[in-house]
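*Asks:* What shape does this take:
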Amino acid sequence: MSLFGSLFKRTPDALQLSDWLANMTEAFLRMGDDVLARDKSSPDLLVCFTLINTTHAAHNILHAAPRIAPQIGAIYAELRAYYECLWQLVLLHQYSTHDDHDKISRLCGDVAFRIERTMAALFQSNPNVKQALSGTTGQAYTQVMASAVPEYIHGERPHAFTETGDHITDNVNSLVVRIQRYERLDGTQIEAVSKIVNESTAKAPSMKFLTQFDFGSCKVLPDAFFSR
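*Replies:* Numbers count the residues shown, from 1 in each chain. The predicted model follows:
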């Protein structure tokens, strides 16, 4: 490696990534509080729910397993897909009619569009973060989400692990397996990651950005908007 190559590393270390993720979490929390004060029926509350949980979990996992730093973009994408599916599961449980489920399905596209827009603004202001989190948006992310929905929503699991019969517990186990695809963790790290996701998953449904979300008054963009 050349002298300049060693002086100007292009890949941030775990500590630097941790700082960025902490700052992002705080920014998304402020965004959520602002939306909550203005409009409790806005899908942006689900955007904040997703991005706060995703970023905070990535931050905590990075502390538990610093070796994932080079793969943080791919792992962040997996976490985003997991939490996008989690708010859907919560709403599907709370609202049971066919019309409700149809609305939740259509709401997914609206929320995903808003997340992409939010991340684009973040990346424009922070090119280093964009480089670190490449693959967390756009077509690369669409592929992650496409494989996550059957697994987390419908319980179609391609992994070879013994299922507990509890959908949420099995989702946590599935997420850990998916993270393992990018960085092989040892037993202690796997246990730590499982604990982080379990605790986050248990707390997430009681977050104000979800409990105060006015689903009944929420207006969903028409399907035609996404086919333009």
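
*Asks:* tell me, what residue is most central in this structure?
*Replies:* Among the residues of the chain, R80 comes closest to the average C-alpha position under C-alpha atoms, centre = their mean, at 1.8 Å.

*Asks:* can you pull the buried residues of stretch 129-148?
*Replies:* V129, K130, A132, L133, S134, G135, T136, T137, Y141, V144, M145, A148 (16 or more other C-beta atoms under 10 Å). For glycine as for every other residue, the C-beta is placed from the backbone atoms N, C-alpha and C.

*Asks:* Okay, and which of those map to helices?
*Replies:* V129, K130, A132, Y141, V144, M145, A148 (DSSP state H).

*Asks:* Out of those residues, the closest to I190 would be?
*Replies:* Nearest to I190, judged by C-beta to C-beta, of those is A148 at 19.5 Å.

*Asks:* who's in contact with the closest one?
*Replies:* Contact partners of A148, counting by C-beta atoms under 8 Å, 6 or more residues apart in numbering, are E78, A81, Y82, E84, C85.

*Asks:* can you count the residues close to the last one?
*Replies:* Applying other C-beta atoms under 10 Å, we find 21 other residues in the vicinity of C85.

*Asks:* Please determine how far it is located from G32.
*Replies:* 19 Å (C-beta to C-beta, to the nearest Å).

*Asks:* buried sites along the longest helix seen in the chain?
*Replies:* Secondary structure of the chain per DSSP H: the longest helix is helix 98-125. Within helix 98-125, the residues scored as buried using 16+ other C-beta under 10 Å are 103-104, 107-112, 114-116, 118-119, 122-123.

*Asks:* Now the buried members of the contacts of A148.
*Replies:* Buried, going by 16+ other C-beta under 10 Å: E78, A81, Y82, E84, C85, out of the contacts of A148.

*Asks:* need the contact list for Y82.
*Replies:* So Y82 contacts T54, A148, Y152, N171, L175, V197 (C-beta under 8 Å, 6+ apart).

*Asks:* Now compare the residues you listed and name the two farthest from each other.
*Replies:* T54 and N171 (14.6 Å).

*Asks:* These two: who's more crowded?
*Replies:* T54 (27 against 22).

*Asks:* Pretty sure I75 is one of the things that one touches, is it not?
*Replies:* No. Using C-beta atoms under 8 Å, T54 is not in contact with I75; the gap is 9.9 Å.

*Asks:* how much space is there between T97 and L45?
*Replies:* 21 Å.

*Asks:* And these two? Which one has more around it.
*Replies:* Counted by other C-beta under 10 Å, T97 and L45 do not tie: L45 has more neighbours, with 27 against 8.

*Asks:* Fine by me, thanks again.
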